[in-house]
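# sharing a model prediction with you, sequence too.
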Number of protein chains: 2
Amino acid sequence: MTEHTDTRESLLDAAESLFSVHGIQAASLRQITQHAGANLAAVNYHFGSKDGLVRAVFSRRLRPMNDERLRQLELVDLEAEDAVEQILTAFLEPLLRLVSEKPEGVRGFARLMGRAWSEPSEEVRTIILEEIRETIDRFMAAFRQILPHLTEGELMWRFHFLGGAMGHTVSCSYVLERYSGGNCHTKDPDEILDQLVRFLAAGMRAVSRVKAPGKAH
Amino acid sequence: MTEHTDTRESLLDAAESLFSVHGIQAASLRQITQHAGANLAAVNYHFGSKDGLVRAVFSRRLRPMNDERLRQLELVDLEAEDAVEQILTAFLEPLLRLVSEKPEGVRGFARLMGRAWSEPSEEVRTIILEEIRETIDRFMAAFRQILPHLTEGELMWRFHFLGGAMGHTVSCSYVLERYSGGNCHTKDPDEILDQLVRFLAAGMRAVSRVKAPGKAH
DNA sequence: GTATGATTCAAACGCCTGTTTAAAACGGGC
DNA sequence: GCCCGTTTTAAACAGGCGTTTGAATCATAC
């Protein structure tokens, strides 16, 4: 019988944690296996290669996270005055919630996720993009519906900015923590979410470059 | 006589370009020196170590860029209605201009810069932070002056989001290029600047969490 | 020309990487 | 008891890394 998920899971946890601290490339299999209490060869046995491990680390969390995002999106009232805030919350909350999750490794994933957003490695970006593409399309569609005066290009730019602010926030808000001298509570996900939504909602609502801001073309 | 800046400069160019494509850690000295037409030992001779090279790559561009930012900030009319846009432009334009600069390596620096923002390596972040700290303080002061209703925490969060959107934009707008199917002109710095400023200005102006949005406390 | 300091060069150093191997240990079915 | 597929183990592999060395080359000053 296969499926002794014990060391397999330990490896994922250790990898997730170490990837988030040192970066994917810099975290070696020797570190990871030692941290997981497993043999060096275990990674290649269970995942085929380091690349396979990377893929597994992301897949494990991305799928449930994006499912949750879509679940929350379905509950949004697109007619409401604060529809923009509701959509943003649906997109951001499932990620930000991980920041304060109990096992340390999960918290690491949020950091890892934000950094992976701008990974140099084509491989990593491809993995994430495949996993997240449908989610992005669905959220873009929602924004398109409630912000019809925006051009398609504007919509994409703004979603791009949104992603940048989000990724930067989850991956290095600890920099802000040190720098702000106690003015920012970077450990409180509700605070982060509130600040992010407030900022991004205003940005999404900004007047269009084309002249007619209040009416669809 | 010392100061044969020929290979020294070639090394900086090659490093800048390769760092931006593969990441700092993944770009090897063998790649870099070969790309620069220099000997492997040249890096250690001219810069002492790979770390020294990294430091030099950043310093070469950061100082002039931040000088230009501060120069433009001095010209901003803080009484004007579009003061927020003016400040944002002063901060963003010097970086975005590099994206379209003529030598390929310079363009690379913008990408590198955006990615370095969330580098795992403490070393790299320290280098950048030292170089940029005064600039950040000056821009924060300007925002504080024209947005007095914001709390200190809110100001920092919003500047943090600003940095995230900016970094993400310069480091991986090529992803957007491929994904957008021609709707976004990611090669046109004026277009990028316009979209960014429009979005971020609205975000900076968003109502404060505390109840009094129009008046200072 | 020759001495001098700066620069380049090929070669090697020791270390760490991801991966592979073949043998050992384990664990339930018969 | 033994068998067999799964999992673990220690050891080695080939190759890349940043760095060091000491001799060769170059440019200049005398």
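Looks like it arrived, so ask away. Values in this document were obtained by computation on a predicted structure and should not be read as measured data.
# how about the residues of chain A near DNA strand C?
A:1, A:27-31, A:40-41, A:43-44, A:49-51 (C-beta under 7 Å from any atom of the strand). Every C-beta, even on glycine, is put in place using the N, C-alpha and C of the backbone.
# and with 6 Å instead?
A:S28, A:L29, A:R30, A:L40, A:A41, A:N44, A:S49, A:K50, A:D51 (C-beta under 6 Å from any atom of the strand).
# pick out whichever of those sits closest to A:Q145.
When the residues of chain A next to DNA strand C are compared for distance to A:Q145 (C-beta to C-beta), A:D51 comes out closest, at 38.4 Å.
# tell me who's in contact with that closest one.
By C-beta atoms under 8 Å, 6 or more residues apart in numbering or on different chains, the contact list for A:D51 reads A:E123.
# secondary structure element for it?
Taking DSSP states H and E as the definition, one finds A:D51 inside helix A:50-74.
# now that helix, how far from the centre of its chain.
Averaged C-alpha coordinates place helix A:50-74 at 9 Å from its chain's average position (C-alpha atoms, centre = their mean, to the nearest Å).
# where is the longest helix in chain A?
With secondary structure taken from DSSP state H, chain A has its longest helix at helix A:152-180.
# what comes up buried for it?
Using 16 or more other C-beta atoms under 10 Å in any protein chain shown as the test for burial, helix A:152-180 gives A:153-173, A:175-176, A:180.
# after that helix, which helix or strand is next?
Read in the C-terminal direction, the helix or strand following helix A:152-180 is helix A:189-205, with elements assigned using DSSP H and E.
# element containing A:F19?
With secondary structure defined by DSSP H and E, A:F19 is part of helix A:5-22.
# so what's A:L96 closest to, chain neighbours aside?
A:P189 (4.7 Å; C-beta to C-beta, 6 or more residues apart in numbering or on different chains).
# wait, A:V99 touches A:P189, no?
Yes. In terms of C-beta atoms under 8 Å, A:V99 counts as a neighbour of A:P189; the distance is 5.4 Å.
# between the residues of chain A next to DNA strand C, which sits nearest B:R61?
Scanning the residues of chain A next to DNA strand C for proximity to B:R61, where the rule is C-beta to C-beta, the winner is A:S28, at 31.5 Å.
# counting by contacts, list what the helix or strand A:R111 falls within packs against.
Using DSSP H and E, A:R111 sits in helix A:104-116. In terms of contacts (3 or more C-beta pairs under 8 Å, 6 or more residues apart in numbering or on different chains; DSSP states H and E), helix A:104-116 is packed against helix A:5-22, helix A:50-74, helix A:83-99, helix A:122-146, helix A:152-180.
# hang on, the earlier thing: quick one: contacts for the residue nearest to A:L96?
Here A:P189 is in contact with A:L96, A:R97, A:V99, A:S100 (criterion: C-beta under 8 Å, 6+ apart).
# that one and A:G163, how far apart?
Shown here: A:P189 relative to A:G163, a distance of 18 Å by C-beta to C-beta, to the nearest Å.
# helix or strand, whichever it is, which one in chain A has the lowest mean pLDDT?
helix A:104-116 (a mean of 77; mean pLDDT, DSSP states H and E).
# who's in contact with that one?
Applying C-beta under 8 Å, 6+ apart, the contact partners of helix A:104-116 are A:13-14, A:16-17, A:19-21, A:23-24, A:57-58, A:61, A:95-96, A:98-101, A:124-125, A:128, A:166-172, B:118, B:120.
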